[in-house]
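Engineer: sequence and predicted model, in that order:
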Amino acid sequence: MTDATIRELSRHVGETVRLRGWVENKRSSGKIAFLQIRDGSGVVQAVVSRAEVDDASWEAVAAASQESTVHVVGAVKEDRRAPGGVELVTESLGVDAVSEEYPITPKEHGVAFLMEHRHLWLRSSRQRAALKVRSEAVRAIRDYFHDREFVLIDSPILTPAACEGTSTLFETDYFGEPAFLSQSGQLYLEPAAAAFGKVFCFGPTFRAEKSKTRRHLMEFWMVEPEVAFLEFDGLCELAEDFLTRVVARVLDRCAEDLKVLERDTSALEKVVGPFPRITYTEAIEALREKGVDIEWGDDFGADEETQLASLHDRPLMITRFPASMKAFYMEPDAEDPKLALGLDVIAPEGYGEIIGGSQRIHDPELLERRIREHELPAEAFQWYLDIRRYGTFPHSGFGMGLERFVAWMSGLAHLRETIPYPRMLYRIYP
RNA sequence: UCCUCGGUAGCUCAGUGGUAGAGCGGUCGGCUGUUAACCGAUUGGUCGGGGGUUCGAAUCCCUCCCGAGGAGCCA
């Protein structure tokens, strides 16, 4: 008896195989029954005819409630009517574990209910597809950097102080000292750039902001490359090349999942370079021409962001922001010191900012001054200043939020479906 | 934190001052090609909690709790 997975069933046509899995759904017409079996690799229909199985198997059909664990032995048969092209003509069937009444029925459910049952919701086809897109996106991102000789530098999750000091941090106790969950690996990555040249980190980050929107999670994953001797134009090129290739890879490897998600992939196929690039100042002008009430120096709201992005079918790169609205470590524009060499990449179709990056200040005195101006605790940043004291070098990097990227790829409106167990404002169960 | 909407059966919802309902699910029965199968029967309720108005409250008022959507902030 050959054990098989559903994904590879088409290679076993004509053979008798054994499957183990769960009953997704069941339909019965008295003397014939149809069981949709899921084994993790796919879903296949097992056909059970009363006349062709023994009594025990026929009783098992009756006992096999939704999500019961079963094993089926049957002949793999091509059938045009079956999704996937094959079905299993059952020879024998056994229930390994009867499922209690399963909460998630084939009908519609509300978000609150589904989130309460996230551990079970993961079994649903759309959730499986979205999380497979996530899995493949992670792989594509890692491959992208490894293929280009970036070194993975895991930044710490427990940190002694705010990296940027602006957002709220989750505080915890570190043997009597306050410690904080990291909200960015960047500051720890910059020193590593002097050791390895090209580095990246990819891990969870934590923001205690009380954000309650579809674009925010308290715990999310961020990939952050940092490159020595990379200046601002090079940073923009890196971001563009990175996005282009990772999008293409997901399109290539997740075709089935994107189909399940009903994603219009033609929109993603347009994601090729060069991306449109405008400066912050040009963006403000464009918005004002459209009648938006916004002044130079204002930050873009979600609406403005979407308006700007909707002018293009590719990711929009916005550059050179007023230094006052950006982080303390951003290198000033040599041509206009009021501006910072920052880069935001806005995804099309309203998915918002997916990348934020900048060239970093490498002059020790300027960096020290900025730390004072931002009223940051100088003691806490001595190690960060060391990078400028001991052989300073221009360098740049960016961060991309994995969940926003996956939401964009998958066409999902809400980040909560792009991560297995979302941590949201006032929701940490399950 | 603010604004808006919501909480009625296991789930999705209808019921807006006068006997708590439907569909799905569950259970029982029927059906040999079903595709959210179908058909019949049946099961199922502290109407989010507390207080108030009223002869009478799921319905009106107050309050608290919980959820959803959005804003701000950001990835």
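Structural biologist: Sure thing, it's come through.
Engineer: and the residue of the stretch 201-350 of chain A nearest RNA strand B?
Structural biologist: Relative to RNA strand B, the nearest point of the stretch 201-350 of chain A is A:Gly301 (2.4 Å; Cβ to the nearest atom of the strand). (C-beta placed from N, C-alpha, C; glycine too.)
Engineer: any idea how far A:Thr279 is from that residue?
Structural biologist: 19 Å (Cβ to Cβ, to the nearest Å).
Engineer: neighbour count winner among those two?
Structural biologist: A:Thr279 (15 against 11; other Cβ atoms under 10 Å).
Engineer: does the nearest residue to the more buried one once chain neighbours are set aside count as helix, strand or coil?
Structural biologist: Leaving aside its chain neighbours, A:Thr279 sits nearest to A:Arg320 (4.5 Å; criterion: Cβ to Cβ, 6 or more residues apart in numbering). Under DSSP: H, G, I helix; E, B strand; the rest coil, A:Arg320 falls in the strand class.
Engineer: neighbours around A:Arg320, how many?
Structural biologist: A:Arg320, neighbours per other Cβ under 10 Å, totals 23.
Engineer: any idea how far A:Ala193 is from A:Asp173?
Structural biologist: A:Asp173 is 32 Å from A:Ala193, by Cβ to Cβ.
Engineer: who's more crowded, these two?
Structural biologist: A:Ala193 (25 against 8).
Engineer: show the pLDDT at the more buried one.
Structural biologist: pLDDT recorded at A:Ala193 is 97.
Engineer: was I right about A:Gln36 contacting A:Ala64?
Structural biologist: No: A:Gln36 is not in contact with A:Ala64 according to Cβ atoms under 8 Å; the separation is 10.7 Å.
Engineer: buried ones in whichever strand or helix holds A:Arg372, by neighbour count?
Structural biologist: For A:Arg372, the host element (DSSP states H and E) is helix A:364-373. Across helix A:364-373, burial judged by 16 or more other Cβ atoms under 10 Å covers A:Leu367, A:Arg370, A:Ile371.
Engineer: I'd say the last one and A:Phe328 touch.
Structural biologist: Yes: with the criterion set as Cβ under 8 Å, A:Ile371 and A:Phe328 qualify as a contacting pair; they are 6.2 Å apart.
Engineer: regarding A:Val95, what is its secondary structure?
Structural biologist: With three-state DSSP as the basis, A:Val95 sits in strand.
Engineer: and if you look at A:Thr172?
Structural biologist: strand.
Engineer: what's the local residue count around the residue lying closest to it once chain neighbours are set aside?
Structural biologist: Among residues not flanking A:Thr172 along the chain, A:Ala179 sits closest, at 5.3 Å (Cβ to Cβ, 6+ apart). For A:Ala179, the number of neighbouring residues by other Cβ under 10 Å comes to 18.
Engineer: is it correct that A:Ala179 falls within a strand?
Structural biologist: Yes: the assignment for A:Ala179 (three-state DSSP) places it in a strand.
Engineer: so it sits right up against A:Ile157, yeah?
Structural biologist: No: in this structure A:Ala179 lies outside contact range of A:Ile157 using Cβ under 8 Å: 9.7 Å.
Engineer: find the residues that touch each one of the two.
Structural biologist: Residues touching both A:Ala179 and A:Ile157 (Cβ atoms under 8 Å, 6 or more residues apart in numbering): none.
Engineer: helix or strand right after the host helix or strand of A:Ala62?
Structural biologist: In the assignment (DSSP H and E), A:Ala62 maps to helix A:55-63. Next in sequence after helix A:55-63, counting helices and strands by DSSP H and E, comes strand A:69-78.
Engineer: quick one, that following strand and helix A:55-63 angle?
Structural biologist: Counting by axes from the mean of the first three to the mean of the last three Cα atoms, to 10 degrees, strand A:69-78 lies at 110 degrees to helix A:55-63.
Engineer: report all helices and strands that strand A:69-78 contacts.
Structural biologist: strand A:16-28, strand A:32-38, strand A:43-49, strand A:86-97 (3 or more Cβ pairs under 8 Å, 6 or more residues apart in numbering; DSSP states H and E).
Engineer: pLDDT value on the nearest residue to A:Leu114 once chain neighbours are set aside, please?
Structural biologist: Nearest residue to A:Leu114 in three dimensions, chain neighbours excluded: A:Trp121, at 4.8 Å (Cβ to Cβ, 6+ apart). Looking at A:Trp121, its pLDDT stands at 92.
Engineer: got the contact list for A:Trp121?
Structural biologist: Going by Cβ under 8 Å, 6+ apart, the list of residues near A:Trp121 reads A:Ile104, A:Leu114, A:Met115, A:Gln127.
Engineer: name the helices or strands packed onto the helix holding A:Arg372?
Structural biologist: When contacts are defined as 3+ Cβ pairs under 8 Å, 6+ apart, helix A:364-373 sits against helix A:382-389.
Engineer: who's in contact with the next helix-or-strand element following the helix it packs on?
Structural biologist: Next helix or strand after helix A:382-389 toward the C-terminus (DSSP H and E): strand A:395-401. With contact meaning Cβ under 8 Å, 6+ apart, strand A:395-401 is reached by A:141, A:184, A:186, A:189-190, A:193, A:220-232, A:234-235, A:238-239, A:242, A:341, A:343, A:345, A:354-360, A:362.
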